[in-house]
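>>> quick one: sequence plus predicted model below, questions after.
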Amino acid sequence: MKISDVKNIAVVGAGNMGHQIATLCAMKGYKTVCTDVKQEVLEKAESFVDNYLPGRVKKGKMTEEQAKQARDNIRFTQSLEDAAKDADYVIEAVIEVLDLKRKIFADLDNIAPEHAILATNSSFIVSSRIADVTKRPEKVCNLHFFNPALVMKLVEVVQGPHTSDETVEISMELCNSLEKVPVHLKKEVDGFLLNRIIRAIFNEAQWMLEMGVADVEDIDKACVYGAGHPMGPFRLNDLTGIDLAYTMAMENFKATGDFKDLPSPGVVEHYIKGEYGEKTGKGWYDYSDKK
Ligand SMILES: NC(=O)c1ccc[n+]([C@@H]2O[C@H](COP(=O)([O-])OP(=O)(O)OC[C@H]3O[C@@H](n4cnc5c(N)ncnc54)[C@H](O)[C@@H]3O)[C@@H](O)[C@H]2O)c1
């Protein structure tokens, strides 16, 4: 297969990441079908597209014709079968639960055409923990977008021992066609590349918070105004979701058995209270005004 054979893309999961990845694919000319188990999530994703595209036109970032083309390129469905049956490339972006992803990949393997590449956008789960449920492990890889996917340029393409060079090549070219900057991880490593670096910073930030060295706002300010980061580690954690931080830490702990990898007391406290960050209106910061 070549990148020119990729015309139809299925995005599984229309949440935080999925709806933006699907919008991006549609804007770059791919026939895109986005699926989710929740009808209300699909409706929210569809109304995002209906607002986002005219907004881009208003800002002079695309023409009306391009917006219309992008809108025509995307549709939403609750049926996985409908989404994946003609897909040349599938990007899975459901919640970070290994057993669920394995089930979805097994289903996708039965539904999607034989030539289709099956990629997971997982933040943490390497594709070798999923690929064995398919009869096409050489066509399975991680394609890790960053949040918000319409804005962030980086995509990590992670090659497992089962992933073919062809799958990597097509995935890198797909990212280029989406005007992203792909990096190739030649080996699977927990947390991939950038999140390992971010996690080290976040762990240190939490340690300083818990030791009472500085508060959330000042730790974030130090990173923004001293290190030139676009936002501090706590603000970033609120944006990406404290639920995700919790799940990732628990997955990490399960893999390593190292107590250092457990989620920090602060993350656990917010998680138990259902304070996941911006999406719930409260996390390390309070967003109730925004709501
Ligand atoms: N949030 C981030 O910053 C971020 C960044 C990069 C990667 N990721 C990864 O992307 C994936 C999705 O994260 P998210 O933040 O978008 O989560 P989310 O909770 O916002 O969205 C996940 C969606 O999956 C849907 N879903 C659950 N079961 C499903 C099924 N069987 N079929 C179809 N849809 C199903 C849910 O209804 C939900 O809408 C995760 O693997 C996560 O690790 C997240």
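Good, I have the coordinates.
>>> from now on I want contacts and neighbour counts done on CA atoms only, so please keep to that.
Will do.
>>> contacting residues around stretch 86-105?
5-15, 17-18, 84, 112-113, 115-125, 129-131, 133-134, 143, 244, 247-248 (Cα atoms under 8 Å, 6 or more residues apart in numbering).
>>> just the residues you listed: which are in helices?
When the contacts of stretch 86-105 are checked against helices (DSSP state H), the matches are 18, 84, 244, 247-248.
>>> just among these, which is most surrounded?
Ala84 (29 neighbours; other Cα atoms under 10 Å).
>>> could I get the pLDDT score of it?
Predicted confidence (pLDDT) at Ala84: the value is 98.
>>> how about the lowest-mean-pLDDT helix or strand in the chain against the ligand, any contact?
Ranked by mean pLDDT, DSSP states H and E, the weakest helix or strand in the chain is helix 242-256, scoring a mean of 88. No - on the criterion Cα under 6 Å from any ligand atom, helix 242-256 is out of touch with the ligand, staying 6.6 Å away.
>>> against which helices or strands is that helix packed?
Helix 242-256 is packed against helix 265-272, with contacts defined by 3 or more Cα pairs under 8 Å, 6 or more residues apart in numbering; DSSP states H and E.
>>> and Pro263, how far is that from Ile242?
10 Å (Cα to Cα, to the nearest Å).
>>> so between the two, which is more surrounded?
Counted by other Cα under 10 Å, Pro263 and Ile242 do not tie: Ile242 has more neighbours, with 28 against 21.
>>> just the pLDDT for the closest residue to Ala116 other than its chain neighbours.
Counting by Cα to Cα, 6 or more residues apart in numbering, Asp88 is the residue found nearest to Ala116 once chain neighbours are left out, at 4.4 Å. pLDDT, Asp88: 98.
>>> swap in Lys260?
Lys260 is given a pLDDT of 86.
>>> so it lies in a helix, does it not?
Yes - the assignment for Lys260 (DSSP: H, G, I helix; E, B strand; the rest coil) places it in a helix.
>>> what number of residues lie near the closest residue to it other than its chain neighbours?
Leaving aside its chain neighbours, Lys260 sits nearest to Phe253 (8.0 Å; criterion: Cα to Cα, 6+ apart). Residues lying near Phe253 (other Cα under 10 Å) number 16.
>>> quick check: residues of the stretch 1-150 of the chain near the ligand?
With Cα under 6 Å from any ligand atom as the criterion, the stretch 1-150 of the chain meets the ligand at residues 12-18, 35-38, 41, 93-96, 121-123, 144-147.
>>> which of those are buried, as a ChimeraX select command?
In ChimeraX, a selection of the buried entries from these looks like this (16 or more other Cα atoms under 10 Å):
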select :12,13,14,15,16,17,18,35,36,41,93,94,95,96,121,122,123,144,145,146,147
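>>> so what does the helix or strand hosting Val168 touch, helix or strand wise?
Assigned by DSSP states H and E, Val168 belongs to helix 165-177. Judged by 3+ Cα pairs under 8 Å, 6+ apart, helix 165-177 is in contact with strand 140-145, strand 154-158, strand 181-185.
>>> in CSV: the ones you listed, plus mean pLDDT.
Below are these laid out as CSV (pLDDT from 0 to 100):
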stretch, mean pLDDT
strand 140-145, 98
strand 154-158, 98
strand 181-185, 98
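>>> which non-adjacent residue is nearest Glu46?
Phe76 (7.2 Å).
>>> immediately after the helix or strand Thr23 falls within, which helix or strand?
Using DSSP H and E, Thr23 sits within helix 18-27. For helix 18-27, the succeeding helix or strand toward the C-terminus, using DSSP H and E, is strand 31-35.
>>> who touches the closest residue to the ligand within the stretch 151-291 of the chain in this structure?
In the stretch 151-291 of the chain, the residue that lies nearest the ligand is Thr240 (3.6 Å; Cα to the nearest ligand atom). Applying Cα under 8 Å, 6+ apart, we find Thr240 in contact with 147, 277.
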